[in-house]
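In: here you go, sequence then predicted model.
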Amino acid sequence: MKSSVYKVILRCSALLVSFYYSGTAVAENFVLETENMSMAFSSEKDALNLRYFGAKVADSEDLFAGGSSVPEFYSYWDTTLGRNGNEFGYSIVQADGTISSKLVFIRGEKQKLNEDQVQLSFHYKDPAYDLTLTRHYLASYESDIIETWSELIYSGEGAVRVERLSSFVLNTSAQQPYLTGFNGTWARESLMNESPLMEGTSELSGTTGARVAQTANPSFILSLDGPAREDTGRVVMGSLAWSGNFAFRFRRSYDNKIRASLGYHPMHSAYQLAKGETLVTPRLILTYSGQGKGAATRAFHRWARQYGIRGGNTPRMILLNSWEGAYFKFNQNKIYGMMERASSMGVELFVLDDGWFGEGKFARNSDKAGLGDWQVNREKLPDGIDGLIRKAEEFGIQFGIWVEPEMVNPKSQLYTDHPEWTLQLPNREERMSRNQLVLDLCNPAVQDYIFTMMDQLLSSHPDICYIKWDCNSHVINPGSTWLPDDKQSHLWIDYVKGYYSVLDRLIKEHPKVVFQACSSGGGRVDYGAMQRHHEFWTSDNTDALDRIYMQWSIGHFYPAIAMASHVTATPNHQTGRSTPLKFRFDVAMAGRLGFELDPKNLNPKEVEFCKDQLAVYKEIRPVVQLGDLYRLRDPDQNADPALMYLLESEGKQTAILFAYLLNRKKSDGHEPVCLKGLKPNARYVITELGSDKRIPYHGKAFSGQYLIRHGIPMNWPRKGRDYLSRVIQIKEMN
Ligand code: DGJ
């Protein structure tokens, strides 16, 4: 009797155990949908498989009846696969040294977050170790975006070592795959490079710790049908919301299967988790388009304005930034003069850049001293920040200011007081970049210091409405005096988390202040930073010609409302190129328009021209900043590129077309620019904006169909100089 009771108990518990560890007892299907995409998963015993990711399938039953399946997420040594499975999701060394981990599927749950967003979360567990993993998929229906990320929790004794944890493992196949990365350097950030994805492994990655996007933006385009096209063909576009090291590893196998592990860079980044600790990866923002990269871009932009950047639905102010007009060389009168002239032209915000702080021997009169000493330099600015704000008010404009809180010059009071707060390596010669060192943002004391300094600046000057947050160095000397010896490899992840944590605290305290992410130009253009900023400084290169290419590239992922673009002096300070003022305006007006020059150097005719252009921008601002982008003529393939923004409001469309003539010798200059996105049967009035009206269609009305098929002739003059431009409004009639 006794023994049979035991047998029953044992059998029951064995059943329970096998139920628990073998995942869901019954196979379950999960579907995630957006307006134009479907993603489907099904559980099979203890595995969760990805069944489908692509264009929307009307009846999701079809996804489970047919098709193939691949594991949703798997490890380097997954005993289910019995091999090291291609590109993989995670690699973990258990507390006992075992290099195998096997996370079996337990259950999935679906949660409706709001009218637009649904989140699927899949829970996994290792049957032999105290590890649980949750994989999240958050779909935004209207914008066609899925955000996906991983969350690993350890609850055992000792500590596990996470050697890699991806945000997503992409599985697809293609006969003719092409991969685009966004690479560059200072003053030529994020230029697109497309090449065939060859058999074997290809990697897009950035490893500079901070300022990563300067050399490699964490974004990719995978085209499945040859080189990516604007309006046809299948593309997957992804971007990692992370301001640190990243790696996208794409592996194409002999049978044209493509697997990619996408996430933070695992190099020197082993992360220990002790009991109760969690590692959450950055989010990978993902979209799929069956109609080329144009639609995928618009998906990214719609999502960004709604969820991805701060204040994405509020048009931005036109600003004048002091940097190229004053650099470090200014006094109060010069700044007041700049403010007055800016306001009289129609500028709405004045931003005082570098050079306003540090005193005495640490005065910030060059990049050699003062960084870290955030007290106003009374020699330069006797009335202090209060005086600047009062003056701005007098001129009817707002005031903003530059900071670079993550860095320090050794020639500063801060460094004198806290040399232990910089990143540093024992037994190695200290290296510097721009005469500065990086503060150790892993250290909570450093985070507190930065938060308190910024909080005081903003609390004691509540009228500061804009912060330009700069970061002018990679992570150099990568060692932390705060992290223990066996956790030095946490630095690459903890630095970014420290930076985010400071900003999150600041935003909570000062929710109305607008933040710009700057990092020697476009070094922090990523959706991790953008969650905490309203916009980014696209590049220190303000040459309008170079900007056409950069804005074209970066605009594949990031919307115009976030893309700061300034009219600067000619010849351009970075390239020496001279371009007409109209051309400089018409390039900057395709993004978030600003100025970066001393208006004192403009002649009266130019001042009048600027006033007119600012009035034009104010009129077109909602369309540019809130509208959908259509790329019409690629500057890499045309000497007369063009793009347009389209906004529908109260049932009527307005489009703004930007067209440029870059090189007369390479363009026949007579091919009309065909529009996109218009309603074929509606009629539109064409207006060339600005004082110069040169196109023959100015003032006339055409059907949408005509403008799509036959386009608008630009009427570029046959002779004369390059760098011409047109801004044209196309307005649906009542
Ligand atoms: C780098 C930025 O990109 C510039 O716009 C300017 O703010 C300088 N730093 C100031 O040091």
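Out: The structure has been received and is ready for your questions. Numbers count the residues shown, from 1 in each chain.

In: tell me the secondary structure for the nearest residue to Ala213 once chain neighbours are set aside?
Out: Distances taken as C-beta to C-beta, 6 or more residues apart in numbering place Val525 nearest to Ala213, at 4.5 Å, with adjacent residues excluded. The C-beta positions use only the backbone N, C-alpha and C, and glycine is treated the same way. When classified by DSSP: H, G, I helix; E, B strand; the rest coil, Val525 comes out as coil.

In: what of Pro511?
Out: Following three-state DSSP, the label given to Pro511 is coil.

In: count of neighbours near it?
Out: 9 (other C-beta atoms under 10 Å).

In: likewise for Glu340?
Out: Under the neighbour criterion other C-beta under 10 Å, Glu340 is assigned a count of 17.

In: tell me how many other residues surround the residue nearest to Ala213.
Out: By other C-beta under 10 Å, the residues close to Val525 number 33.

In: check Glu115 too.
Out: Using other C-beta under 10 Å, Glu115 has 7 neighbouring residues.

In: repeat for Val70
Out: Val70: 16 neighbours (other C-beta under 10 Å).

In: wait, it sits on Tyr52?
Out: No. In this structure, Val70 is not within contact of Tyr52 by C-beta atoms under 8 Å, at 10.4 Å.

In: state the distance from the most centrally placed residue in the chain to the ligand.
Out: Nearest to the mean C-alpha position of the chain, counting by C-alpha atoms, centre = their mean, stands Asp526 at 2.5 Å. To the ligand, Asp526 is 16 Å away according to C-beta to the nearest ligand atom, to the nearest Å.

In: ok, the residue nearest to Ala213 - contacts?
Out: In this structure, Val525 makes contact with Glu189, Ser190, Ala213, Asn217, Ala517, Phe536, Thr538, Ile554, Tyr558, judged by C-beta atoms under 8 Å, 6 or more residues apart in numbering.

In: filter those to the buried ones?
Out: By neighbour count, with 16 or more other C-beta atoms under 10 Å, the contacts of Val525 hold Glu189, Ser190, Ala213, Asn217, Ala517, Phe536, Thr538, Ile554, Tyr558 as buried.

In: which of the residues you listed sit farthest apart?
Out: Largest separation among those by C-beta to C-beta: Ser190 and Ala517, giving 13.5 Å.

In: which outside residues touch stretch 314-323?
Out: 330, 335, 338-339, 342, 346-354, 398, 400, 402, 466, 468, 514, 534-535, 561, 566, 592-596, 599, 614, 617-618, 621-622, 625-626.

In: that one: which residues count as buried?
Out: Across stretch 314-323, burial judged by 16+ other C-beta under 10 Å covers Arg316, Met317, Ile318, Leu319, Leu320, Asn321, Ser322, Trp323.

In: that stretch: how far from the chain's middle?
Out: Put simply, stretch 314-323 sits 19 Å off its chain's centre (C-alpha atoms, centre = their mean, to the nearest Å).

In: repeat that for stretch 135-149.
Out: 16 Å.

In: now the end-to-end length of it.
Out: 6 Å (C-alpha to C-alpha, to the nearest Å).

In: pull the residues that contact it.
Out: Stretch 135-149 has contacts (C-beta under 8 Å, 6+ apart) with 32-37, 39, 72-73, 113, 116-122, 124, 150-151, 167-168, 241, 280-289, 295, 299-300, 302-303, 306-307.

In: so among these, which ones count as buried?
Out: When the contacts of stretch 135-149 are checked for burial by 16+ other C-beta under 10 Å, the buried set is 32-34, 36-37, 39, 72-73, 117-120, 122, 124, 150-151, 167-168, 241, 281-289, 295, 299-300, 302-303, 306-307.

In: counting only strands, which of those residues make the cut?
Out: Counted as lying in strands by DSSP state E, out of the buried ones among the contacts of stretch 135-149, are 32-33, 37, 39, 117-120, 122, 124, 150-151, 168, 284-289.

In: low-confidence regions, the stretch 401-550 of the chain specifically.
Out: Of all residues in the stretch 401-550 of the chain, none has pLDDT under 70.

In: quick one: the helices in it?
Out: 413-417, 444-460, 491-509, 527-530, 544-554 (DSSP state H, counting those that start in this stretch).

In: residue contacts, the nearest residue in space to Glu420 that is not next to it in sequence?
Out: Distances taken as C-beta to C-beta, 6+ apart put Thr481 closest to Glu420, at 5.0 Å, once the chain neighbours are dropped. Shown in contact with Thr481 (C-beta under 8 Å, 6+ apart): Glu420, Trp421, Gln424, Asp440, Asn443.

In: and stretch 666-674, end to end?
Out: First-to-last residue span, stretch 666-674, C-alpha to C-alpha: 19 Å.

In: picking up where we left off before, backbone phi and psi for the residue nearest to the centre of the chain, please?
Out: Torsion angles at Asp526 (phi, psi; degrees, to the nearest 10) stand at phi -160, psi 160.

In: am I right that it is in contact with Ala216?
Out: No. Asp526 lies out of contact with Ala216 (C-beta under 8 Å); the separation is 10.3 Å.

In: which stretches of the stretch 151-300 of the chain have low pLDDT?
Out: By pLDDT under 70, the stretch 151-300 of the chain contains no weakly predicted segment.

In: can you give me the strands for it?
Out: Under the criterion DSSP state E, counting those that start in this stretch, strands of the stretch 151-300 of the chain are mapped to 159-165, 168-173, 178-185, 188-196, 200-206, 216-223, 235-240, 246-252, 257-264, 271-274, 278-280, 284-289.

In: could you dump those strands to a markdown table with distance to Asn409?
Out: Formatted as a markdown table, the strands of the stretch 151-300 of the chain follow (distance: least, C-beta to C-beta, whole Å):
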| stretch | distance to Asn409 |
| --- | --- |
| strand 159-165 | 36 |
| strand 168-173 | 40 |
| strand 178-185 | 24 |
| strand 188-196 | 25 |
| strand 200-206 | 26 |
| strand 216-223 | 28 |
| strand 235-240 | 31 |
| strand 246-252 | 29 |
| strand 257-264 | 30 |
| strand 271-274 | 32 |
| strand 278-280 | 34 |
| strand 284-289 | 36 |
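
In: closest to Ile548 out of the ones you listed?
Out: strand 188-196 (11.3 Å).

In: what pairs with the closest one, parallel or antiparallel?
Out: Strand 188-196 sits in its sheet next to strand 178-185 (antiparallel), going by DSSP bridges.

In: ok, residues contacting the strand it pairs with?
Out: Residues outside strand 178-185 that contact it (C-beta under 8 Å, 6+ apart) are 190-197, 202, 204, 214-217, 219-223, 226-228, 250, 522, 553-554, 556-557.
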